[in-house]
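I'd like to go over a predicted model; first the sequence, then the structure.
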Amino acid sequence: MRAVLQNMRSGEVGIYDVPQPELRPGGILVRTAFSAISSGTERAAIETAESSLLTRAMKRPDLVKQVLDFARVNGVKAAYRQVQSRLDNLGALGYSCSGIVVAVGSGVGEFQCGDRVACGGVGYASHCEVNWVPRNLAVRVPDTVSLEAASLTTIAAIALQGLRQAQLALGETVVVIGAGLVGVLTLQLARAAGCRVIAVDRDASRVEEAASRGAQLAFLSSDPNLRGALREFSRYGADAAIVTASTQSSEPLELAASLLRDRGRIVVVGDVGMGVSRSSLYSKELSLAVSRSYGPGRYDPSYEEAGNDYPIGYVRWTERRNMEAVVDALASGSIDVSFLLEKRCPVQEGARGYQELLAGQGYTAILDYGTSEPLKQVPLAQQGTATDRRLGQLRVGCIGAGAFARSTIFPALKAGKGVSLDVVATASGVAAESARRNFGFARAQTPFELLRDPQLDAVFIASRHSSHASYAAAAIQEGKAVFVEKPLAVDRDQIDLIRHAYQQSAAKGSRPFLMVGFNRRFAPASERIKRFFAGRREPMLLHVRVNAGFVPRQHWVQQADEGGRVIGELCHFVDWARWIIGSPIRSVSACALPDGSRYNRDNLVTTLTCADGSIANLIYLANGDPRIPKEHFEVFCEGGVAQLDDFEVLNLARNGRGERSKSARDKGHRRQFQLTIEAMKSGGEAPIPYEEIMEVTEATFSILDAIAIGRAVSPIPTDPLSEPSEIAVGSTYTPEEGINKD
C-alpha cells in the first residue's frame, strides 16, 4: 500500500510502498478515503526533523535526558546506537482521517465491514491507504456527512476540547488567539455554543478569513484599537481566551491576560511559550489551563490501545465522545468546513501538499486516496525475493522492528555467518519498510504472511510481549526454528498454546527448535562464575539486586495484557539464577511493597528454592536512583564468593585469595545469537533446553501468584493440558475479497 512517510534523519517527506497493517484484537482495519494534513502540528514536526541534531536537542530537553539516562545504565555506545537507529527510521505522518471499515478485530462489536468512519490518533490515523485503528479512536460517520469533511474530525476535536476546558456558558465572550486551522474551527464551535467570539492573529489574511467564518470581531494582534473595541463589545473584558497560536514566544499568553476580565480563564491549545509573567496573572487572579489534545483518554494506553472506556457518569467527554460531537456538528451544519476542503491532492502527490503548507499556503491539505481504485499491492520483485539468496544459508524472518530489534537483534543477525535476512514484518507495516531499507532485508511483509512463508528456515520474534506466544506457536506449527525475545508468554493460557504447538510438532517426529532471549546466562562474566563454582558439593545462596528504575503506569509495558515488568524483565534473573544453580526450581515465595498506585507493585522480593537446597533471593526495585548500578549479583558457596556489577566488574574470592577483573559491559547478547544461529544451521538443540525455558517461565508466573496469595507456591503445573483454541496470528485485508481473513 502507499503511505506518506517522513525520513526521520533528513525530515524529507516522500511516498513509499509498505506492507498493510495487521488486523489486531480491539481494533479495525480502515481503507482510507481522505486524510487531513494539519498546518500546525505536522508542519512543526517537519520543521523539527529538518533542523540539526543540536537544534532538535534544544527543543526537546526531555528526550535528551532520556538518552543520558539510558547511556548511564547501558553505556554510551548503546545509547549512540539507539539514537542512530531511531534517526534511520521512516516515520508515519498524520492523525486525522476518514474511510471505510474493511476488517473487524476480535472484541469489537460496534463496527462492521462497510461502515463509514472518522479516525484519530498519531500512529493510527496516518496518511496510509489502510490503517489499523483501536476501537476508541474511531466513530461512525452518517451518510449526510461527506468523508472529505469527516477527515477533519480529529483536528476539530482538538478545538472542541480546548473549548470545553474554557468552561464557557451561553452569552460569554471568548477571544481566540491564533486564527489558523484549529483557531477557525474553535471560533465556529464557540459560535455554535452561543458564545460571542473575537479572533486575533498576526496575519492580516487570516484575520479577514476569521471574520468571514464566524468571528464577530477580528483584529491583528498589533492593532492598537483591539483593547478598546473589546471593552466596548463585551463591557467587562473577555471571559476566556483560547490560545491556538504556534510560536515559541510567550506574547500570545501576555496578550490573553491583558484582554481578560477579572478572574478570567486562559486555555492553551497551541504550542506557545509559557513564560507569562506572574503579575499578569496575579493582578486579575486569572486561571491558566493547558488543553491536552482531543480529550480525556489521550496518552492513556488502557483507553487508546486496550479499548477500556471511561464511565460516562464520571467522564462525560472523552476523545471518542468529542469526535462524535464533531460529527454531529458537521451533520447539523453547526460548523462549516467546506472552505478547508478546497486544497486537495491525490495521495501520490502528498509530498507536494506538505511543501505548500510549509510555504504558508492555506490551512490544510486533504489527501485523496481514490478508494474507487483497487488497492495497490507491493510487487515483491521491487524488493528482491528469498530465492535471490545463495543456497546453504539460514533464511531468517523477523517479526518486530522496535528499538531492541534495531539496536541488537538485526545487527547480530546481519553479522552472523551464513545468515540471509529474507523478511521483516511488523504490525503497522511502516516500521517493517524502515528495517528492510536500513538492514538489508529482502522483503517486508505482514506477520501473517511471514509465518506462512515456506522459504523461511527461522523466525526471530521481537514484537510486543502479548504477541510472542501466538507468533511462536504458529511458527512452530509451520516447522520453523524459533527465537523469541523474552518473555515467551504473558500468561498460562499462552504457555498452553506454546506447549500444545510444541507437542503437536514433536509428535510428527522432529523436535522443534525453540529459544528464548535469556541472554544474561551467556555473558562472559556469568560463564566465569559458573566455572568458579564447578564441582560444588553444597547448596548455593544467590543474591540478585536489580535497580530497574521507575516506569510510569501508562507505559505499554505496564499494561495488564502485556504482562507487566515481573514477567517482562524479572524473568531474566529467574533464568540466570536457575542456570547458575543448575537445579530445578521447586518453590517460589514473594512479597511486594504496597505501592500499586505509583509503582504498580514493581518493588518486590522473591525467593526461589531449588531441588538441591540452593536458594536464590531476587530483589527488583523501581524506587531507586539510576546513578546506582542497575544489576548486582552475589553468589556464596563452599567458602567462595562471586560478585558481579553490571557485567563490568567481577570479584571472585576463596580461601583468602581474591581476583578482580573489569571489562567492557557484555550482557551475553553476542554469544547468545552466535550459539542460536549455529544451532539453527546445524539442526542441533537450542542453547537453552525447552524444559528449562518452560520451567523458568512458570516460575516467573508463580512470583505473581505468590504475591497475590501471600504464601509460597510451586511453579510446576498440576492441571492437565487443555486444548487451546485455534492459533490466531493476525489477519490481512485482501482488497479483492473485502472480508476478514483470519
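Arrived safely, thanks for sending. Residues are numbered from 1 along each chain as shown.

Can you tell me which helix or strand of this structure has the lowest average pLDDT?
helix 380-383 (a mean of 37; mean pLDDT, DSSP states H and E).

for the residue nearest to residue 338 when sequence neighbours are not counted, helix, strand, or coil?
Counting by Cβ to Cβ, 6 or more residues apart in numbering, residue 338 lies nearest to residue 149, which is 7.5 Å off, once chain neighbours are set aside. All C-beta spots, glycine's among them, are computed from the backbone N, C-alpha and C. Using DSSP: H, G, I helix; E, B strand; the rest coil, the secondary structure recorded for residue 149 is helix.

What count of nearby residues applies to residue 149?
For residue 149, the neighbour count with other Cβ atoms under 10 Å is 25.

again, but for residue 338
Residue 338, neighbours per other Cβ under 10 Å, totals 9.

can I assume it is in contact with residue 146?
No: Residue 338 lies out of contact with residue 146 (Cβ atoms under 8 Å); the separation is 9.2 Å.

Okay, now the unreliable bits of the stretch 51-200 of the chain?
Applying pLDDT under 70 to the stretch 51-200 of the chain picks out residues 51-75, 77-87.

and residue 117, that's in a strand?
Yes: under three-state DSSP, residue 117 sits within a strand.

can you pull up the bridge partners for it?
In this structure, residue 117 bridges to residue 99, residue 140 when assessed by DSSP bridges.

Return the residues in contact with it.
28, 30, 98-101, 111, 133, 138-141, 150 (Cβ atoms under 8 Å, 6 or more residues apart in numbering).

hang on, residue 601 in a strand?
No: remark: residue 601 does not belong to a strand; assigned using three-state DSSP, it is coil.

Please tell me how far the closest residue to it other than its chain neighbours sits from residue 603.
Among residues not flanking residue 601 along the chain, residue 592 sits closest, at 4.3 Å (Cβ to Cβ, 6+ apart). Using Cβ to Cβ, to the nearest Å, residue 592 is found at 6 Å from residue 603.

between the two, who's got more neighbours?
Each of residue 592 and residue 603 has its neighbours counted (other Cβ under 10 Å); residue 592 has more, 21 against 18.

Local confidence estimate at that one?
Residue 592 carries a pLDDT value of 95.

What are the boundaries of the helices in the stretch 501-650 of the chain?
Counting by DSSP state H, counting those that start in this stretch, the stretch 501-650 of the chain has these helices, from start to end: 524-532, 564-565, 571-581, 596-599.

Of those, which stretch is the most buried?
Here the criterion is mean neighbour count by mean count of other Cβ atoms under 10 Å, and of these the winner is helix 571-581, at a mean of 24.

Over that one, what's the mean pLDDT, rounded is fine.
98.

quick one: it to chain centroid distance?
29 Å (Cα atoms, centre = their mean, to the nearest Å).

Scan this structure for its longest strand.
Longest strand in the chain, counting residues (DSSP state E): strand 27-38.

Tell me the strands beside that strand, with direction?
strand 96-104 (antiparallel), strand 130-134 (antiparallel), strand 364-368 (antiparallel).

Which one, of these, ends up nearest to residue 227?
Of all the strands paired with strand 27-38, it is strand 364-368 that lies closest to residue 227, at 31.4 Å by Cβ to Cβ.

Identify the residue nearest the geometric centre of the protein.
residue 556 (6.9 Å; Cα atoms, centre = their mean).

now the residue lying closest to that one once chain neighbours are set aside: how far from residue 452?
Leaving aside its chain neighbours, residue 556 sits nearest to residue 301 (5.5 Å; criterion: Cβ to Cβ, 6+ apart). Counting by Cβ to Cβ, the gap from residue 301 to residue 452 is 30 Å.

For those two, indicate the residue with more neighbours.
Neighbour tally, residue 301 and residue 452, criterion other Cβ under 10 Å: the higher count belongs to residue 301, 19 against 13.

Now do the more buried one against residue 683, distance only.
41 Å.

residues contacting residue 254?
Taking Cβ under 8 Å, 6+ apart as the test, what residue 254 contacts is 276-277, 280.

can you tell me the helix or strand for it?
Secondary-structure assignment from DSSP states H and E places residue 254 in helix 251-259.

chain center to that helix, what's the gap?
Its chain's average C-alpha position is 36 Å from that of helix 251-259, according to Cα atoms, centre = their mean.

Pairing partners for the next helix or strand after it, with directions?
From helix 251-259 onward toward the C-terminus, using DSSP H and E, the following helix or strand is strand 260-268. Here strand 260-268 is paired, per DSSP bridges, with strand 238-243 (parallel), strand 287-290 (parallel).

re earlier: okay if I get the helices of the stretch 501-650 of the chain as TSV plus distance to residue 93?
Shown next, in TSV, are those (distance: least, Cβ to Cβ, whole Å):
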stretch	distance to residue 93
helix 524-532	44
helix 564-565	32
helix 571-581	36
helix 596-599	35
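
Tell me the one of the contacts of residue 117 nearest residue 230?
Closest to residue 230, out of all of the contacts of residue 117 and judged by Cβ to Cβ, is residue 150, at 35.1 Å.

wait, doesn't the closest one sit right on residue 142?
No: contact criterion Cβ under 8 Å: residue 150 and residue 142 do not qualify, at 9.3 Å.

With neighbour numbers in mind, choose between the two.
residue 150 (31 against 11).

Can you show me the CA trace of stretch 441-458 as CSV?
Extracted C-alpha coordinates of stretch 441-458, given in CSV (Å, rounded to 0.1, in the frame of the first residue of the first chain):
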residue,chain,number,x,y,z
PHE,A,441,16.1,-7.4,4.4
ALA,A,442,14.9,-8.7,1.0
ARG,A,443,11.2,-8.2,1.7
ALA,A,444,8.8,-6.5,4.0
GLN,A,445,5.6,-8.4,4.8
THR,A,446,2.8,-8.7,7.4
PRO,A,447,3.4,-11.1,10.2
PHE,A,448,0.6,-13.3,8.8
GLU,A,449,2.4,-13.6,5.5
LEU,A,450,5.9,-14.1,7.1
LEU,A,451,4.8,-17.0,9.3
ARG,A,452,3.4,-18.9,6.3
ASP,A,453,6.3,-18.2,4.0
PRO,A,454,7.7,-21.6,3.0
GLN,A,455,11.1,-20.2,2.1
LEU,A,456,12.0,-19.2,5.6
ASP,A,457,14.0,-21.5,7.9
ALA,A,458,13.8,-19.5,11.1
